[in-house]
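Engineer: Predicted model and sequence follow; I will ask about them next.
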Amino acid sequence: MPKDKNLVGAAGEHLVLSRLLSRGILASQAPRGTRKADILVSPLDGGKPKLIQVKSTSSGSGAIGWKMKDEHMTEKSTDLVYCFVDFRSKPEKVYVVPAKKVAEVLVAVDKAWMKKPMKDGSKREKNMWRMIKPKFIVETEMAKPGWMDRYLEKWELLS
């Protein structure tokens, strides 16, 4: 698998697009630079369109996770779904998670992490980056180990 982040991202988008089309879900890549969306889903029954933001990972040591930004903590649009692509597993896994759930998990884990003192006992500074993971160091009611399993290949969220 290529290590170039742009290629990994493109591969993730194409994988998600392939999985959607093979299930009969009408989807297309969003134009480059489209805010919030990598893929656009248009229901064949004329229902409300959905937006998909794809996050991909292909390498690294340790626990699997995807980098997120502060803005993802407040994004709760009902028309937005994240597809987290794991190229480290064979076959590749795709977790299809609603934006609202991602925001809730990020907020809960961030609060729990900030409450946990540093090794020297001092208070943590503001966390500058976020990760979404199947298993967090700090467990919360919202994000128990395996919380993402229920979203594995959950394509019906888009139909």
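Structural biologist: In hand now; what should we look at?
Engineer: For residue 94, what are phi and psi?
Structural biologist: The phi and psi torsions at residue 94 (degrees, to the nearest 10) take the values phi -130, psi 120.
Engineer: for it, what are its contacts?
Structural biologist: Counting by CB atoms under 8 Å, 6 or more residues apart in numbering, residue 94 touches 15-16, 19, 83-86, 152-153. Yep, even glycine has a C-beta here, placed from its N, CA and C like the rest.
Engineer: how far away is it from residue 49?
Structural biologist: Going from residue 94 to residue 49 by CB to CB, to the nearest Å gives 20 Å.
Engineer: now residue 146
Structural biologist: To residue 49, residue 146 is 31 Å away according to CB to CB.
Engineer: now do residue 144
Structural biologist: Per CB to CB, residue 144 is found 32 Å from residue 49.
Engineer: Show me which residues of stretch 91-100 are buried.
Structural biologist: For stretch 91-100, the neighbour count (16 or more other CB atoms under 10 Å) marks 92-99 as buried.
Engineer: Looking at those residues, spot the one nearest residue 53.
Structural biologist: Nearest to residue 53, judged by CB to CB, of the buried residues of stretch 91-100 is residue 99 at 8.0 Å.
Engineer: in terms of contact, does that closest one touch residue 73 like I think?
Structural biologist: No - counting by CB atoms under 8 Å, residue 99 sits too far from residue 73 to count as a contact (10.6 Å).
Engineer: Okay, helices next: where are they in this structure?
Structural biologist: Residue ranges of the helices in the chain, as given by DSSP state H, are 5-22, 99-115.
Engineer: Please state the offset of the first one from the chain centre?
Structural biologist: Helix 5-22 sits 13 Å away from the centroid of its parent chain (CA atoms, centre = their mean, to the nearest Å).
Engineer: that older thread, if you count what's nearby, which of residue 144 and residue 49 comes out ahead?
Structural biologist: residue 49 (14 against 10; other CB atoms under 10 Å).
Engineer: In contact with that one, which residues?
Structural biologist: By CB under 8 Å, 6+ apart, the contact set of residue 49 is 40-43, 79.
Engineer: Any figure for the gap between it and residue 114?
Structural biologist: Counting by CB to CB - residue 49 and residue 114 are separated by 36 Å.
Engineer: For residue 72, list the residues it contacts.
Structural biologist: Applying CB under 8 Å, 6+ apart to residue 72 gives the contacts 99, 102-103, 106, 130, 132.
Engineer: Look up the pLDDT of residue 115 for me, please.
Structural biologist: For residue 115, the model assigns a pLDDT of 81.
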